[in-house]
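Asks: This is a predicted model, with the sequence first.
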Amino acid sequence: MNFKEALDRYELDARARGISQSNITHVKGIVVLFIGFLGTVDDVRRIGADDFRRYLASLRDRHAWQGSAKQSQNKLTGTSINTYARAIKSFWAWLKQAGLIEANPLAAVAAPKIPKTISVVYSDEEIRAVYDVVKDTPVVKSVFLLFLDSGIRLSELTSLSLANLDLTNRRLKVRGKGNKERLAYFSDFTAESITDYLKGTSTYHRPGSKVFLDNNGLPLTNRQIQVMLAKAGKQAGLIRRLAPHKLRHTYATLALRNGGNLEYLRITLGHTDIKTTSEAYLNVADADIARAHRKFSPVANLFVAVDNIKSMESENQEAQSQRKTYDETPHQRKMRELAKATAAGIRLPSPWDKVLWRDLPVEFKPGKYYLPIGAVEIGEDKQIKVNYYDIGAAIAEPHLVKGLFSHLSTSGLSKFAELVGDKGKLSDLVFKAGLYSQELLNFLKLITDEVKGYRAQLDFHDEGKPGLTKWFIISAWNDAIQKAGGYSWIDNSWYKPYESVPGTNLWQLRVGGAVIGIAKSKRTLNRHETWHKKLRLKYATDPLAKGIAVKDQELGIIAQYVKQRLQEFSDMQQVPGHCELC
């Protein structure tokens, strides 16, 4: 078989297996270079181990980007040669697996070892210098902070959609190498920067669009991000190029330095094996070793400690004499604590919060129900009304909440004053959260009404009787909203093999950890499973689901803004404003 046909079949098979296009292109590109080195040989069965060894040896003398306009004076690094070798070996392994060759002659050739190097990271001074340059440019600032704060890859940032950005919980969902999904996290500081950026680009953003757009409303490309950062680094006076992957290294190094452990780092970086993480980031920077030595040096601790203590005492006395005294009253401290507790207590209704909906009245019987989202009232006509709890009401007594609102309105700072009042951000959040909750419940009722039409018993309270449980409805509702918002939740792997119910002659069907159906036969369970899959797909395209996904994003931005401002109020050196309780 010639190489062109083999490569075409490889691409077809890789795409069918769900391998990312970038990975396919990477392997094919390197194999094409290898074929070029081989000359006139055009039969995969005629390649031997020595052909591969000669090619690897030739790479030692090859320049980076050789043959292109970007050709460098530097030769390929050991890491690059290892990358070439692994791509070629993986292609030949596939040839053997696909039955296109009888034996894999390249299996006996070891890939060159990757030289152990210390990851290049940016210093604290370099990071601050870059921030000073980008702080007034929202998109560059947000991109820079998100790379540094979350450790995501370049491709993960450019493919990030609004649906996968959760500003309320300061996290995002990315799809990394091997098509694996993971959550990455970021700080309030970065969330505020992204929020400000999104406000300025709201005319361009639509449901499902990418987060980072150019001036024409088109998604920023990998190359645009690279050029943007390189320019910022140059303006900041960096000697080394400011690059996304070096920011990822910097994130990892600083996370370890600040107390993160390797397992935490493995998860956030998207590494499958902790060995990958440890080999990359346990080579601590020289500056860290020097700093550690100064801290733990036996001589310094034995002979210099007394002098250091005296010096520190002198510095503390001088600082205290220069510091303006501020005696905080118990009431002011209470206001500070209440602002912080209120910020932490803002909890939006979420269709995938299992605890939030644990006592949900799925059967929609008329009456009043008290849930974490607020008071749910269902009338005799099955109309649903939600009174979302006032923010702060569940945290403190009304007179204290009133006092906090007074401090915010009289603070003299517009960013605090705009939170309160009938048209303030807090009232807007409470009103919209109530409407959002009603839409969630109306959508759930729509699905419930259809499920009631099935010829199956509904057991809303999960009492272990044959039929469908309430989780049959809730999981389909949950999944439809996530899919409408661009998320991916349930797939076929979530449907567990049918299990016997201990002590009975019944069988049960699980989706994830929830039992969605119970029956006397596996055949009936198979019918339940088919219904469930169809239900999920049907409602994912329902206009109600799409509307809910849009409102979820809008509400998240408002909630993040309110939380950030309340936290800022709590962090003020002196509590501003006044109230009747002062």
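Replies: Received it, and whenever you're ready, just let me know what you need. If you're wondering where the values come from, they're calculated on a predicted model, not measured in any experiment. Numbering: from 1, shown residues only.
Asks: Touching, Arg175 and Ser159? I think so.
Replies: Yes - Arg175 is in contact with Ser159 according to C-beta atoms under 8 Å; the separation is 7.0 Å. All C-beta atoms are positioned from the backbone trio N, CA, C, and that covers glycine.
Asks: Tell me the bridge partners for the residue most central in space within the chain.
Replies: For the chain, the residue nearest the mean C-alpha position is Leu172 (2.4 Å; C-alpha atoms, centre = their mean). Beta bridges link Leu172 to Leu165, Ala184, judged by DSSP bridges.
Asks: Show me how the chain divides into domains.
Replies: Per the record, the chain has its domains at 3-108, 124-284, 289-322, 367-562, by automatic domain parsing.
Asks: among those, which gets the worst mean confidence?
Replies: Lowest mean pLDDT within those: domain 289-322, a mean of 47.
Asks: Against Trp92, how distant is Lys4?
Replies: 16 Å (C-beta to C-beta, to the nearest Å).
Asks: Neighbour count for the two, which is higher?
Replies: Between Lys4 and Trp92, counting by other C-beta atoms under 10 Å, Trp92 is the more crowded of the two (21 against 11).
Asks: In terms of helices and strands, where is the more buried one?
Replies: helix 78-97 (DSSP states H and E).
Asks: and what of Gly403?
Replies: helix 398-409.
Asks: Remind me what that helix packs against, helices and strands.
Replies: helix 330-345, helix 414-417 (3 or more C-beta pairs under 8 Å, 6 or more residues apart in numbering; DSSP states H and E).
Asks: From the chain's centroid, how far away is that helix?
Replies: 35 Å (C-alpha atoms, centre = their mean, to the nearest Å).
Asks: and if you look at stretch 415-423?
Replies: For stretch 415-423, the distance to the chain centre is 31 Å (C-alpha atoms, centre = their mean).
Asks: before we move on, what about stretch 191-200?
Replies: So, by C-alpha atoms, centre = their mean, the centroid of stretch 191-200 is 17 Å from its chain's centroid.
Asks: can you check stretch 533-543 too?
Replies: 25 Å.
Asks: Sort out which residues of it are buried, please.
Replies: Neighbour-count burial for stretch 533-543 flags 533, 535-536, 539-540, 542 (criterion: 16 or more other C-beta atoms under 10 Å).
Asks: so which of the helices and strands packed on helix 398-409 gets nearest Phe443?
Replies: For the helices and strands packed on helix 398-409, proximity to Phe443 was assessed by C-beta to C-beta; helix 330-345 is nearest, at 26.0 Å.
Asks: in its sheet, what does the helix or strand just after that closest one sit against?
Replies: As assigned by DSSP H and E, the chain's next helix or strand after helix 330-345 is strand 367-371. Sheet pairing of strand 367-371 (DSSP bridges) gives strand 374-378 (antiparallel).
Asks: CA atoms of the strand it pairs with as PDB?
Replies: Provided in PDB are the C-alpha atoms of strand 374-378 (Å, rounded to 0.1, in the frame of the first residue of the first chain):
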ATOM      1  CA  GLY A 374     -37.100  30.400  47.200                       C
ATOM      2  CA  ALA A 375     -40.800  29.900  47.800                       C
ATOM      3  CA  VAL A 376     -42.500  28.000  45.000                       C
ATOM      4  CA  GLU A 377     -46.200  28.300  44.700                       C
ATOM      5  CA  ILE A 378     -48.200  26.100  42.400                       C
END
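Asks: what's the next helix or strand after that strand in contact with?
Replies: With elements assigned by DSSP H and E, the helix or strand that comes after strand 374-378 is strand 384-387. Strand 384-387 is contacted from outside by 364, 373-379, 434-435, 437-438, 441-442, 445, using C-beta atoms under 8 Å, 6 or more residues apart in numbering.
Asks: and if we set it to 10 Å?
Replies: With C-beta atoms under 10 Å, 6 or more residues apart in numbering as the test, strand 384-387 has contacts from 349, 361, 364, 368-369, 371, 373-379, 430, 433-442, 444-445.
Asks: Now do Asn478 against Ile516, distance only.
Replies: Asn478 is 12 Å from Ile516, by C-beta to C-beta.
Asks: whoops, Leu106 was the one
Replies: For Leu106, the distance to Ile516 - C-beta to C-beta - is 48 Å.
Asks: sorry, back to before: just the closest of the buried residues of stretch 533-543 to Lys96, please.
Replies: Distances from Lys96 to those, taken by C-beta to C-beta, are shortest for Lys533, at 36.3 Å.
Asks: chain center to the strand or helix carrying that closest one, what's the gap?
Replies: For Lys533, the element it lies in under DSSP H and E is helix 522-540. How far helix 522-540 lies from its chain's middle: 30 Å, per C-alpha atoms, centre = their mean.
Asks: re the thing from before, so which of the domains of the chain gets nearest Gln573?
Replies: Across the domains of the chain, Gln573 has its closest neighbour in domain 367-562 (13.2 Å, C-beta to C-beta).
Asks: Roughly how far does Ala49 sit from Leu157?
Replies: Between Ala49 and Leu157 the computed distance is 40 Å (C-beta to C-beta).
Asks: which of the two has more neighbours?
Replies: Leu157 (23 against 13).
Asks: helix or strand for the more buried one, which one?
Replies: Here Leu157 is assigned to helix 154-158, by DSSP H and E.
Asks: So which residues make contact with stretch 554-561?
Replies: 162, 165-170, 188, 191-192, 194-196, 198-199, 202, 207, 343, 346-350, 391, 415, 418-419, 425-426, 428-429, 432-433, 435-436.
Asks: Flag every buried residue along that stretch.
Replies: In stretch 554-561, the ones that count as buried by 16+ other C-beta under 10 Å are 555-561.
Asks: Let's see that stretch as PDB, backbone CA atoms only.
Replies: What follows is stretch 554-561, C-alpha atoms only, in PDB (Å, rounded to 0.1, in the frame of the first residue of the first chain):
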ATOM      1  CA  GLU A 554     -26.800  36.800  31.700                       C
ATOM      2  CA  LEU A 555     -27.700  36.100  35.300                       C
ATOM      3  CA  GLY A 556     -24.200  34.700  36.000                       C
ATOM      4  CA  ILE A 557     -22.600  38.000  34.900                       C
ATOM      5  CA  ILE A 558     -24.900  40.100  37.100                       C
ATOM      6  CA  ALA A 559     -24.300  37.700  40.100                       C
ATOM      7  CA  GLN A 560     -20.500  37.800  39.600                       C
ATOM      8  CA  TYR A 561     -20.600  41.600  39.500                       C
END
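Asks: now that stretch, how far from the centre of its chain.
Replies: 17 Å.
Asks: Tell me which of the buried residues of stretch 554-561 fall in helices.
Replies: Among those, DSSP state H puts 555-561 in helices.
Asks: Out of these, which comes closest to Val139?
Replies: Nearest to Val139 among these is Ile557, at 16.3 Å by C-beta to C-beta.
Asks: Could you check how far the closest one is from Leu146?
Replies: 16 Å.
Asks: Same check on Lys234?
Replies: From Lys234 over to Leu146 the distance is 20 Å, taken as C-beta to C-beta.
Asks: Would you mind telling me which of these two has the busier surroundings?
Replies: More crowded of Lys234 and Leu146, by other C-beta under 10 Å: Leu146, with 25 against 13.
Asks: was I right about the more buried one contacting Leu172?
Replies: Yes - with contact defined as C-beta atoms under 10 Å, Leu146 reaches Leu172; the gap is 8.2 Å.
Asks: Common neighbours of those two, please.
Replies: Joint contacts of Leu146 and Leu172 (C-beta under 10 Å, 6+ apart) are 152, 156-157, 160, 165, 184, 186, 194, 211.
Asks: Kindly reformat those residues as a markdown table containing distance to Asp571.
Replies: Putting the shared contacts of Leu146 and Leu172 into a markdown table (distance: C-beta to C-beta, whole Å) gives the following:
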| residue | distance to Asp571 |
| --- | --- |
| Ile152 | 27 |
| Glu156 | 31 |
| Leu157 | 29 |
| Leu160 | 29 |
| Leu165 | 25 |
| Ala184 | 25 |
| Phe186 | 18 |
| Ile194 | 20 |
| Val211 | 27 |
